[in-house]
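Trainee: fold the following and give me the result.
(one chain, ligands or ions: 2)
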Amino acid sequence: MYKGIGGSAGYGVGKAVIISNELPVYEPRQITDTEAEISRFTDAVEQFVEKTMAMADKMKASVGEHNAEILEGHVMMISDPFMQDEIKGKINQGDCAEKAVDETCDMFIAMFSQTEDELTMQRATDIGDIRVRLLKILTGTADVNISEVPAGTILVAKDLTPSMTAGIVKENVAGILTEVGGKTSHSAILARALEIPAVLSVENVVSLVQDGMEIAVDGCEGIAVLNPDAATVQEYEAKKKQYLEEKEALKVFAGKETVTADGQKVALYGNIGNPEDAAKVTECDGEGIGLFRTEFLFMGSSQLPTEEEQFEAYKKAAVAMDGREVIIRTLDVGGDKEIPYLGLEKEENPFLGYRAVRFCLQREDVYRPQLRALLRASAFGDVKIMVPLVTSVEEIRSVKAMVEELKKELDSENISYNKDIQVGVMIETPAASEIADLLAKEADFFSIGTNDLTQYTMAVDRGNAKVAYLYSAYHPAVLRSMKRIIGAANEAGIMVGMCGEAAADPLLTPLLVSFGLNEYSVSATSILATRATISKWSKAEADQVADKALSMATEAEVAQYLKESRK
Ligand code: PEP
Ligand code: MG
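Mentor: Ligands and ions are numbered 1, 2, ... in the order given. Coordinates of the predicted model:
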């Protein structure tokens, strides 16, 4: 049994097909006719663009627009003048096109890999994908054809790149198993879009597997079993049946309001990283957007997105949600989220450093265009502004003052916006939790970021596997913090939501119902399951569970008790 990361939920048993994405071998040559070699390179790029756009079109039909954009991104990357100049420069110095492409990609991969941030690292995978395909074209090597794998296949690969995934016939693929990738890697995003169970980041798995080997994957827990015995196969088949039945059963919750068992209505929203994801939220029956993480917009670009570009993105989300609430979080840079062109210095303790609202308030050249774009987008829907990593009242006051100044600026330019736009605070630090009553007087709403609230409350790096055992929202300290925050918001009469992962945790639902949470914001795929869980709890029953859980001294006791109380 091998443990990896559950990248896409579900269970599958099937026969391995190893997909190799090896670099084609080439003989480096010294070039004298550099013009002819540049034209060979340009022809290859043309072919690359043509093939990639054809794959993107195919993907649009199979998994939707946004996923196809990953491939369109490859076209943009290869067409980038900086990259083109690098390659042509090398050819002009006498390198053959293969070597020039190979070395230039190497340089970019090294650059993008020097970070802990998953999204920036993802760009290294993208460049790796581009390199293999471009070299295949230059050397005339045949491409892998995933579209022809037989039914009941478990795809095994070092990493499943978007170009490889484009050809997947979802009915034939029972599971995906890779050596690299996390929950937000492209392979995970695509596997989820295709609803194929996936286990990622299983060390050396390609060398452990042979073609045709039987494999069972559990994408919920992130487990792969190689050569499973008959009993395991049976167990996985049973789990798969149950999983699919439960998924089917959730469909009765589509189109319904989100209400507790005793009729208390709450809001159930989706978290998104780009405007295109808004469609997925509505498809999954989300009632609004509770968190739009705008940093993806900044990370997906090689320079600061302009006010106009940001306005278009925020407007797109607002329009897609058609009048329903869209809470957009301002730039949450720093910590684990690196944006190379912002020129942030390396810090000893990045999670405790110059990041999020701290950065934005000092870099008005970055913040003002974002706030202006948000204000302008508010003319097209129910846009709300949310400020991350707040630790003091002054921070929210400063943001609000800046918003007021920008409103005047827009007035003088005759540009419309929502004059009553709300500005809310993300509560994700112990400081904000302690002064929740004071912040509630300044903020229009709260949203609890439990991913960071747990990290900072427990003083445990959320990405450090060695101390992961301490990272739990069931810890009494985190539970008390949530209770206080929700209580303070209720007391002040402002809306309080939760957009961290804990909002979708069915074990915590009774506590959140009991504390009085007004809005749950979860990933699109968790929307119906969360609605189903909320519907099972009445306030009185939830209170009982919450009281007992809060009386417990240790995380382990709470976890055990919440598991036993699960409905
Ligand atoms: C959180 O901290 O809970 C949160 C939602 O924000 P992020 O995960 O983007 O830090
Ligand atoms: Mg956070």
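
Trainee: when you work out contacts or count neighbours from here on, use the C-alpha atoms and nothing else.
Mentor: Noted.

Trainee: taking the stretch 351-500 of the chain, what residue is nearest to ligand 1?
Mentor: residue 449 (2.9 Å; C-alpha to the nearest ligand atom).

Trainee: which pLDDT does the model give that residue?
Mentor: According to the prediction, residue 449 has pLDDT 97.

Trainee: next: residue 143.
Mentor: For residue 143, pLDDT reads 68.

Trainee: make 679 the first number, not 1, from now on.
Mentor: Taking 679 as the first residue, the last one we looked at is residue 821.

Trainee: could you pull out the helices for the stretch 1029-1178 of the chain?
Mentor: 1034-1040, 1042-1055, 1071-1090, 1108-1112, 1114-1120, 1128-1136, 1154-1170 (DSSP state H, counting those that start in this stretch).

Trainee: looking at this, residue 834 is in a strand?
Mentor: Yes - under DSSP: H, G, I helix; E, B strand; the rest coil, residue 834 sits within a strand.

Trainee: list the contacts for it?
Mentor: Residue 834 makes contact with 694, 695, 696, 697, 854, 855, 856, 883, 884, 887 under the criterion C-alpha atoms under 8 Å, 6 or more residues apart in numbering.

Trainee: what number of residues lie near residue 1090?
Mentor: 9 (other C-alpha atoms under 10 Å).

Trainee: how much space between it and residue 1084?
Mentor: 10 Å (C-alpha to C-alpha, to the nearest Å).

Trainee: now swap in residue 803 and tell me
Mentor: 40 Å.

Trainee: what sits up against stretch 1190-1200?
Mentor: If you take C-alpha under 8 Å, 6+ apart as the criterion, stretch 1190-1200 is touched by 938, 944-949, 967-969, 1161, 1164-1165, 1168, 1173-1179, 1181-1182, 1212, 1215-1218, 1220-1221, 1224.

Trainee: next, count neighbours for residue 781.
Mentor: 16.

Trainee: next helix or strand past the helix or strand containing it?
Mentor: Using DSSP states H and E, residue 781 sits in helix 775-791. Per DSSP H and E, helix 775-791 leads on to helix 796-817 as the next helix or strand towards the C-terminus.

Trainee: which residues in the stretch 779-928 of the chain form strands?
Mentor: For the stretch 779-928 of the chain, the strands defined by DSSP state E, counting those that start in this stretch occupy 831-835, 851-856, 876-878, 892-896, 901-904.

Trainee: any idea which of those is most buried?
Mentor: When these are scored by mean count of other C-alpha atoms under 10 Å, the highest mean neighbour count falls to strand 876-878 (a mean of 35).

Trainee: narrow the contacts of stretch 1190-1200 to those in strands?
Mentor: Counting by DSSP state E, the contacts of stretch 1190-1200 place 945, 946, 947, 948, 949, 967, 968, 969, 1173, 1174, 1175, 1176 in strands.

Trainee: any idea which of those residues is least confident?
Mentor: Among these, residue 949 has the lowest pLDDT, at 92.

Trainee: could you point out where the stretch 829-978 of the chain is predicted with low confidence?
Mentor: For the stretch 829-978 of the chain, applying pLDDT under 70 flags the ranges 861-862.

Trainee: try 90
Mentor: Within the stretch 829-978 of the chain, the segments meeting pLDDT under 90 span 836-848, 858-873, 899, 951-952, 954-955, 958, 973-978.

Trainee: next up, phi/psi of whichever residue of it sits closest to ligand 1, please.
Mentor: In the stretch 829-978 of the chain, no residue comes nearer to ligand 1 than residue 971, which is 6.4 Å away by C-alpha to the nearest ligand atom. Backbone geometry at residue 971, expressed as degrees, to the nearest 10, gives phi -80, psi 100.

Trainee: so it makes contact with residue 1006?
Mentor: Yes - the pair residue 971 and residue 1006 qualifies as a contact (C-alpha atoms under 8 Å) at a distance of 6.9 Å.

Trainee: which one's more surrounded, these two?
Mentor: Applying other C-alpha under 10 Å to residue 971 and residue 1006 shows that residue 1006 carries more neighbours, namely 26 against 20.
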